[in-house]
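In: structure for this input, please:
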Amino acid sequence: MSISDAQRENTKPVLKELFNLWDNRSGLYGKVVFGSAIAKAHDKKWRNVTSFLLPTHKSEVRPIGIDADYGDFRIVELILRIAGKRN
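Out: Sure, this is the predicted structure:
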């Protein structure tokens, strides 16, 4: 199952708002954490279960970096490097 053109178009304003908020509040943020859980479906293709972006406060200190592989299920968390403005 893939994302439809309508779903893709409906996502654009949400992402624009998110990136505008990040730009406006960039002085408060330190790192941006990306996390995802994926699972192998019956057709042996990997499918996204859930993903998230989490901008952390510049003073937040916590361990970041998960790579838990359970065979047909995997959870990852890593730092995203986002430079410059997003249009």
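In: list the buried residues in the helix or strand bottoming out on mean pLDDT in the chain.
Out: Within the chain, no helix or strand scores below helix 5-24, which has a mean of 86 by mean pLDDT, DSSP states H and E. For helix 5-24, the neighbour count (16 or more other Cβ atoms under 10 Å) marks W22 as buried. In short, each C-beta sits where N, CA and C put it, glycine included.
In: same deal with stretch 50-67?
Out: Neighbour count says stretch 50-67 has 55-56 buried, by 16+ other Cβ under 10 Å.
In: may I have it as PDB, with CA atoms only?
Out: Extracted in PDB, the C-alpha atoms of stretch 50-67 (Å, rounded to 0.1, in the frame of the first residue of the first chain):
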ATOM      1  CA  THR A  50       5.400   4.400  13.100                       C
ATOM      2  CA  SER A  51       7.900   7.200  12.800                       C
ATOM      3  CA  PHE A  52       8.500  10.400  14.600                       C
ATOM      4  CA  LEU A  53      10.600  13.600  14.700                       C
ATOM      5  CA  LEU A  54      11.400  15.100  18.100                       C
ATOM      6  CA  PRO A  55      13.200  18.400  18.400                       C
ATOM      7  CA  THR A  56      15.000  18.300  21.700                       C
ATOM      8  CA  HIS A  57      15.600  21.300  23.900                       C
ATOM      9  CA  LYS A  58      19.100  22.700  23.600                       C
ATOM     10  CA  SER A  59      19.800  21.800  27.300                       C
ATOM     11  CA  GLU A  60      18.300  18.300  27.200                       C
ATOM     12  CA  VAL A  61      20.700  15.600  28.000                       C
ATOM     13  CA  ARG A  62      19.700  12.000  27.300                       C
ATOM     14  CA  PRO A  63      21.200   9.000  25.500                       C
ATOM     15  CA  ILE A  64      20.200   8.900  21.800                       C
ATOM     16  CA  GLY A  65      20.700   6.000  19.500                       C
ATOM     17  CA  ILE A  66      18.700   2.800  19.500                       C
ATOM     18  CA  ASP A  67      19.100   0.000  17.000                       C
END
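In: on that earlier part again, alpha carbons of the least confident helix or strand of the chain, as CSV, please.
Out: What follows is helix 5-24 as a C-alpha-only set of coordinates in CSV (Å, rounded to 0.1, in the frame of the first residue of the first chain):
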residue,chain,number,x,y,z
ASP,A,5,-1.5,11.7,-4.3
ALA,A,6,-4.3,13.2,-2.1
GLN,A,7,-2.6,12.0,1.1
ARG,A,8,0.7,13.4,-0.1
GLU,A,9,-0.9,16.8,-0.9
ASN,A,10,-2.7,16.9,2.5
THR,A,11,0.7,16.3,4.2
LYS,A,12,2.4,19.3,2.6
PRO,A,13,0.7,22.0,4.7
VAL,A,14,1.4,20.1,7.9
LEU,A,15,5.1,19.7,7.0
LYS,A,16,5.3,23.3,6.0
GLU,A,17,3.8,24.4,9.4
LEU,A,18,6.2,22.0,11.3
PHE,A,19,9.3,23.3,9.5
ASN,A,20,8.1,27.0,10.0
LEU,A,21,7.8,26.3,13.7
TRP,A,22,11.2,24.7,13.8
ASP,A,23,12.7,27.8,12.0
ASN,A,24,10.9,30.2,14.4
